[in-house]
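> okay, structure incoming, though there's no sequence with it:
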């Protein structure tokens, strides 16, 4: 069974986000063992300078990199990543299941991810050219992974 670790900076504050994420975690349980690691988001000024943003991203990077499992195929969600269809992501997940069996997905803070985290990733994924709140992105990513695994297992979820 595939092992998935989702590393996220920040937590789900509203009950409706927690409920939506829990639903997809439950659904994913049919195909994978899911572990979600919530890392503390660093405090930053309301109008931070680029230097302050870089410093926060580097501090967050230390925690993110420490949480990545050793053998996991690592995917960083970032704007410059590659966009895939559900079927293409399903094929990538199939390869991960056959080669490693462990997948690590990373969602950074509202300022993104440090270049160190992106460089450490095996793949950079962009879910959309649109910008989404990070709480919604967690739910969207869980749904996307569930859809892809459903495709691989011949489920009827994907249409």
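Here it is on my side, so go on. A quick note: this is a predicted structure, and the numbers were derived from the prediction, not measured. Residues are numbered from 1 along each chain as shown.

> count the neighbours of residue 149 for me.
The local packing of residue 149 (other Cβ atoms under 10 Å) involves 24 other residues. Glycine gets a C-beta too; all of them are placed from N, C-alpha and C.

> what's in contact with the strand of greatest length in the chain?
In the chain, assigned by DSSP state E, the strand with the most residues is strand 73-82. With Cβ atoms under 8 Å, 6 or more residues apart in numbering as the test, strand 73-82 has contacts from 68, 96, 99-100, 102-108, 112-113, 117-118, 120-127, 137, 141.

> what subset of the residues you listed is buried?
The neighbour-count test (16 or more other Cβ atoms under 10 Å) marks 68, 96, 100, 102-108, 112-113, 117-118, 120-121, 124-125, 127, 137, 141 as buried among the contacts of strand 73-82.

> ok, residue 106 - contacts?
Here residue 106 is in contact with 6-8, 64, 68, 74-77, 113, 117, 121 (criterion: Cβ under 8 Å, 6+ apart).

> any idea how far residue 87 is from it?
Distance from residue 106 to residue 87, counting by Cβ to Cβ, to the nearest Å: 23 Å.

> quick revisit: from the contacts of strand 73-82, which land in helices?
96, 99, 117-118, 120, 137, 141 (DSSP state H).

> looking at those residues, which is nearest residue 152?
Using Cβ to Cβ, residue 96 is the member of these that lies nearest residue 152, at 10.7 Å.

> once you drop chain neighbours, what's closest to the closest one?
Nearest non-adjacent residue to residue 96, counting by Cβ to Cβ, 6 or more residues apart in numbering: residue 73, 4.5 Å away.

> what's the local residue count around that neighbour?
Residues near residue 73, counting by other Cβ under 10 Å: 20.

> is it in a bridge, and if so with what?
Under DSSP bridges, the beta-bridge partners of residue 73 are residue 103.

> from residue 86, how far off is it?
18 Å.

> in the protein, which spans are strands?
According to DSSP E, the strands that the chain contains are 2-9, 32-39, 73-82, 102-107, 123-125.

> highest mean neighbour count out of those?
Of those, the one with the most neighbours on average (mean count of other Cβ atoms under 10 Å) is strand 102-107, at a mean of 24.

> how far off centre is that one?
5 Å (Cα atoms, centre = their mean, to the nearest Å).

> tell me the mean pLDDT for it?
Here strand 102-107 scores 98 as its mean pLDDT.
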